[in-house]
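[1] sequence first, predicted coordinates after that:
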Amino acid sequence: MKKTQFFLCVAALCLVGKPSAQAQAIVSAPVLEGTNFIQTGLQATLKALNTTANKLVNNGVVEQVLTKGFTEKNMLLAKNWYDGLMQVSNTIRTYRRVQHIFERQTAIITIYSNYIGKFRADPNLTPAQVQGMVRGYTTLIQESASYLDDLTAIVSPLKSKMTDAERMELIDALDDKVTHQYDLVSYFTRRNMAISMQQNKAQKDMLLIKQLYGLAN
């Protein structure tokens, strides 16, 4: 296997000349060499993560620092993971649930990317409710990112005496944790949408009542 190369580039672009000008941080995905199944699969996952991060930049989402930090953490841990893989067996290097962990991480950030802008623009939600949603996503995303530290530890020199079966058992448990986190993010998103729909219905009902009694403007 060729030695893994990992490049992380963050460029700041400032838009001037408009009252709403803001800095945009562009995140570039790393380049991983090799043809290993997990290696090439993770490269595709990181590119997808990079795309969603920059989508938030282009949409002017002020919480972009969250996604940028999450993306960079994934990239750094991926590098550490591959460095550790050089010291373990091919069985672990090609274990499918490792790829699934990163796929779930990408799905989590994609959900956030797809919905945070919509919640911020939703007239049915109050600013306080939107801020609460941002804090909720921040907590969930940071927790899911922290699980990747465990993935790196599995292939660390301190774990060098572990058998493949022991490593796979830890990877399975970690995959279950990340999948649970994905389920929480999905539930949290559905809950936020339900709040918007309920408040929209309440506003319409109030308007009908005002119209009934001739109180509507």
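    Noted; the coordinates are in hand.
[2] how close does the residue most central in space within the chain get to residue 165?
    Relative to the mean C-alpha position of the chain, the nearest C-alpha, by C-alpha atoms, centre = their mean, is the one of residue 109, at 2.3 Å. Noted for residue 109: a distance of 31 Å to residue 165, by C-beta to C-beta, to the nearest Å. Bear in mind the C-beta positions are built from the backbone N, C-alpha and C, glycine included.
[3] next: residue 83.
    Computed with C-beta to C-beta, the distance linking residue 83 and residue 165 is 23 Å.
[4] between the two, who's got more neighbours?
    residue 83 (15 against 8; other C-beta atoms under 10 Å).
[5] now the more buried one: which helix or strand?
    According to DSSP states H and E, residue 83 maps onto helix 64-85.
[6] quick one: low-confidence parts of this structure?
    Low-confidence segments of the chain (pLDDT under 70): 1-46, 60-68, 157-158, 216-217.
[7] not counting its neighbours along the chain, what's nearest residue 142?
    residue 70 (7.5 Å; C-beta to C-beta, 6 or more residues apart in numbering).
[8] rewinding a little: which other helices and strands contact the helix holding residue 83?
    Other helices and strands packing on helix 64-85, by 3 or more C-beta pairs under 8 Å, 6 or more residues apart in numbering; DSSP states H and E, are strand 23-28, helix 37-58, helix 96-121, helix 127-154.
[9] if we can go back for a sec, contacts only, for the residue nearest to residue 142.
    53, 109, 141, 142, 145 (C-beta atoms under 8 Å, 6 or more residues apart in numbering).
[10] correct me if wrong: the third one contacts residue 108.
    Looking back up the chat, that one is residue 141. Yes. Between residue 141 and residue 108 there is a contact under C-beta atoms under 8 Å: 6.3 Å.
[11] any common contacting residues for these two?
    residue 185.
[12] the closest residue to residue 193 other than its chain neighbours - how many residues pack around it?
    Of all residues not flanking residue 193 in the chain, residue 115 sits nearest, at 7.9 Å (C-beta to C-beta, 6+ apart). When neighbours are counted by other C-beta under 10 Å, residue 115 registers 19.
[13] same question for the one 3 residues further on.
    If you count neighbours by other C-beta under 10 Å, residue 118 ends up with 13.
[14] dump the residue contacts of the residue nearest to the centre of the chain.
    Contacts of residue 109 (C-beta under 8 Å, 6+ apart): 49, 52, 53, 67, 70, 71, 141.
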